[in-house]
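all I have is the shape, not the residue letters:
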Ligand SMILES: Cc1cc2nc3c(=O)[nH]c(=O)nc-3n(C[C@H](O)[C@H](O)[C@H](O)COP(=O)(O)OP(=O)(O)OC[C@H]3O[C@@H](n4cnc5c(N)ncnc54)[C@H](O)[C@@H]3O)c2cc1C
Ligand SMILES: NC(=O)c1ccc[n+]([C@@H]2O[C@H](COP(=O)([O-])OP(=O)(O)OC[C@H]3O[C@@H](n4cnc5c(N)ncnc54)[C@H](O)[C@@H]3O)[C@@H](O)[C@H]2O)c1
C-alpha cells in the first residue's frame, strides 16, 4: 500500500536538496531520495573541492610571479595540505551527516535509496512506495561519459571522483577531454609539478566557447608546462606496469602514470521508470517547459535537463519548481538567454549568453566589440599574469548584448556586469554612457564598447 505524501524528490544533489528543503519548510510532506551523498557532485566531487585545489594552485603561480616584480620567492608545492583541506573542510571525508541533519531539520523525510517511478504519481524506494499528491521532482544529475575506447574499460582510469579524492599526486597524467573539468584539473596538476598531457578530440580546447577563449586557455596551460594534442581521439588504451599508454588516432602514443577521463557527462535515466509518466526512457536529457515541468505532475531540474551543467542552473531551476509546485502568485518563468559560466583556470574564462558563432547561426545581425586586458590600465599595472580579453556579441538590430566573454585575472567576477547587461537587455548606448571605475579590470568593458 503506497504511503501518501505531497512530493517525492528523486536525487538530492544541489537542485534536489534545495527543492526538497524549501517545499518542506513551506509545510508540504516531502520525501527525498538519494542512494549516495546529500548534496550530490558539487560539494563532494565537483565545484567546491576543485575550487579549493585551484586556490592552492593559483597561490603557487602567484608566488612564482613575485620574481621581477616584488623581490624573489621560492615555493615548494605540497599536495598534503590540499588533500587534507578537501577531506576535513570540504567533504568531511565524504560524509554527508551534516547535510542529512540539515535536510531532516527542515522537515524532509530522507531515505538513502534509489527512486524508481512506478506510476503517474508513485515512486518506489527500497521496500516502500510513495504516492505523491502534488507530484514528483526528478533531479538525478549526470554521470561521467566514458568513451568506448578499445582497452579502456577495466583499467583503473580516473574520473572526477578519483581526481578529487587523490591523497597524493602522480608523477604524470594523461587527461582526456579539454572541457571545464579537464582544463581546471590539468592546470592544478601541472602547477603541483605533475607532467600533464591533454588530449582533446575537437580542434581546440573549450570548444563550446569563443575560439579566443580556447586559445587563451591553451597558451596559459602551455606556460604551466602542459603538452596538448588537439583534433585527435584516443584509439586504444592499455595499462601495464603502472603506466597507461594511449594510442591516438594520428598514430602517436602518450603515456602517464594515471589517466583522467573528462570527456563530458550524460544523464543516466534508463532505469528511472520515465515511461510511467510518458517520457521516453532513452532521452539524452529531460526536456522541461518554462515552469520546469516535464510531464503532468512531474518536474525536472538541474543537470538532468541538459540546459547547462552548472550548480547555479540547478539552483535557478529549483527556485522555479518550488514556486510552481506551491502554486505561488507571480511564479517566475525560466529563461536561459543569460546563462553565465566560468571556467576557473588562471586566467579565469567567464562567458554569458551566446558566442559569436551561435549568434550568427541564429541569424542575428552581429557586431563584435573587444578589448585586450594587458593593454588596459589595470592589466598593464598588473603585469605578470595579466592575460585576458573582453569580447562583446551585439544584436545590432535590437542594440543589445546577446553574449559576452570576460577572460582575465578576475574574469569570472568581471562577468557579473556583462551578465546583467545580457539578462536585462540593457541598450548598448546606455552601457556606453556608463562610468567605469578607474583603473579596474571591468573598465575594459568600456574599451570594448567603444568599438561598437
Ligand atoms: C569536477 C567538477 C567541477 C565542477 N565545477 C563547477 C563549478 O565550478 N560551478 C558550477 O556551477 N558547476 C560546477 N560543476 C557542475 C555541478 O557540480 C553540477 O552542475 C551540479 O552538481 C548539478 O546538480 P544536480 O542537482 O543537477 O545533480 P547532481 O549534483 O549530480 O546530483 C544528482 C543526485 O541524484 C542522485 N540520483 C541519481 N539517480 C537517482 C535515483 N534514481 N534515485 C535517487 N537519487 C538518484 C545521485 O546520487 C546524485 O546525488 C562541476 C562538476 C564537476 C564534476
Ligand atoms: N567551472 C565550471 O562551471 C565547471 C567546472 C567543471 C565542470 N563543469 C560542468 O561539468 C560538465 C562536464 O565537464 P567536462 O569537462 O567533462 O565536459 P565538457 O563537455 O565541458 O568537455 C568535454 C570535452 O571532452 C572532449 N571529448 C569528448 N570525447 C572525447 C574523446 N573521446 N577524446 C578526447 N576528447 C573528447 C569534448 O570535445 C569536450 O571538449 C560540463 O558540462 C561543465 O558545465 C563546470
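Noted; the coordinates are in hand. Given the structure is predicted, the values throughout are model-derived calculations rather than measurements. Ligands and ions are numbered 1, 2, ... in the order given.

how many residues are close by the nearest residue to residue 343 once chain neighbours are set aside?
Once flanking residues are discounted, residue 343 sits nearest to residue 349: 4.5 Å by Cβ to Cβ, 6 or more residues apart in numbering. The C-beta positions use only the backbone N, C-alpha and C, and glycine is treated the same way. Using other Cβ atoms under 10 Å, residue 349 has 30 neighbouring residues.

may I have the beta-bridge partners of residue 349?
residue 343, residue 407 (DSSP bridges).

list the contacts for it?
206, 209, 213, 216, 217, 342, 343, 405, 407, 411 (Cβ atoms under 8 Å, 6 or more residues apart in numbering).

the second one - that's part of a helix, no?
No - residue assignment for residue 209, taken from DSSP: H, G, I helix; E, B strand; the rest coil, gives coil, which places it outside any helix.

I figured it was touching residue 405, is that so?
Yes - contact criterion Cβ atoms under 8 Å: residue 209 and residue 405 qualify, at 6.9 Å.

tell me, what's touching these two both at once?
349, 351, 355.

and these as TSV, adding pLDDT?
Output for the shared contacts of residue 209 and residue 405, formatted as TSV (pLDDT from 0 to 100):
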residue	pLDDT
349	98
351	98
355	98
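
and these as JSON lines, adding distance to ligand 1?
Shown next, in JSON lines, are the shared contacts of residue 209 and residue 405 (distance: Cβ to the nearest ligand atom, whole Å):
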{"residue": "349", "distance to ligand 1": "12"}
{"residue": "351", "distance to ligand 1": "13"}
{"residue": "355", "distance to ligand 1": "18"}
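
which residues of the protein lie near ligand 2?
Contact residues (Cβ under 6 Å from any ligand atom) of the chain with ligand 2: 147, 176-182, 184, 199-202, 207, 233-234, 262-265, 309-310, 341-344.

so how far is ligand 2 from the closest residue to residue 396 other than its chain neighbours?
Excluding its sequence neighbours, the residue lying closest to residue 396 (Cβ to Cβ, 6+ apart) is residue 365, at 4.2 Å. As judged by Cβ to the nearest ligand atom, to the nearest Å, residue 365 and ligand 2 stand 29 Å apart.

from residue 142, how far out is residue 365?
Computed as Cβ to Cβ, to the nearest Å, the residue 365 to residue 142 distance reads 36 Å.

neighbour count winner among these two?
When neighbours are counted by other Cβ under 10 Å, residue 365 and residue 142 differ, and residue 142 comes out ahead with 19 against 11.

quick one, grab the pLDDT at the residue lying closest to residue 92 once chain neighbours are set aside.
Distances taken as Cβ to Cβ, 6+ apart put residue 98 closest to residue 92, at 6.6 Å, once the chain neighbours are dropped. As predicted, residue 98 sits at a pLDDT of 98.

which SS state does residue 98 fall under?
Quick answer, by three-state DSSP: residue 98 is helix.

next, count neighbours for it.
11.

quick check: it touching residue 89?
No - using Cβ under 8 Å, residue 98 is not in contact with residue 89, being 12.0 Å away.

tell me the one among the contacts of residue 349 nearest to ligand 1.
Using Cβ to the nearest ligand atom, residue 342 is the member of the contacts of residue 349 that lies nearest ligand 1, at 6.9 Å.

list the contacts for that closest one?
348, 349, 350, 351, 411, 412, 415.

in which helix or strand does the residue in the stretch 351-452 of the chain that ligand 2 sits nearest to reside?
For the stretch 351-452 of the chain, the residue closest to ligand 2 is residue 412, as judged by Cβ to the nearest ligand atom, at 8.5 Å. Using DSSP states H and E, residue 412 sits in helix 411-423.

ok, then the element right after that helix?
helix 428-433.

which parts of the protein are helices?
Counting by DSSP state H, the chain has helices at residues 14-25, 41-45, 47-64, 80-85, 97-105, 160-165, 180-191, 211-223, 311-326, 356-361, 377-382, 411-423, 428-433, 443-450.

could you dump these to CSV with distance to residue 287?
As requested, these are exported to CSV (distance: least, Cβ to Cβ, whole Å):
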stretch, distance to residue 287
helix 14-25, 16
helix 41-45, 22
helix 47-64, 25
helix 80-85, 39
helix 97-105, 28
helix 160-165, 26
helix 180-191, 23
helix 211-223, 28
helix 311-326, 13
helix 356-361, 19
helix 377-382, 42
helix 411-423, 23
helix 428-433, 33
helix 443-450, 35
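
so which of the ones you listed gets nearest residue 249?
helix 180-191 (18.0 Å; Cβ to Cβ).

that closest one close to ligand 1?
Yes - applying Cβ under 6 Å from any ligand atom, one finds that helix 180-191 is in contact with ligand 1 at residue 181.

now the angle from that helix to helix 211-223?
Going by axes from the mean of the first three to the mean of the last three Cα atoms, to 10 degrees, helix 180-191 is angled at 30 degrees with respect to helix 211-223.

quick check: angle from helix 180-191 to helix 47-64?
Using the same axes, to 10 degrees, helix 180-191 lies at 40 degrees relative to helix 47-64.

which residues make contact with helix 180-191 from outside it?
50, 53-54, 56-58, 60-61, 77, 160, 163, 169, 173, 175-176, 178, 196, 198, 200, 205-206, 217, 220-221, 224-226, 260, 262, 341, 343-346.
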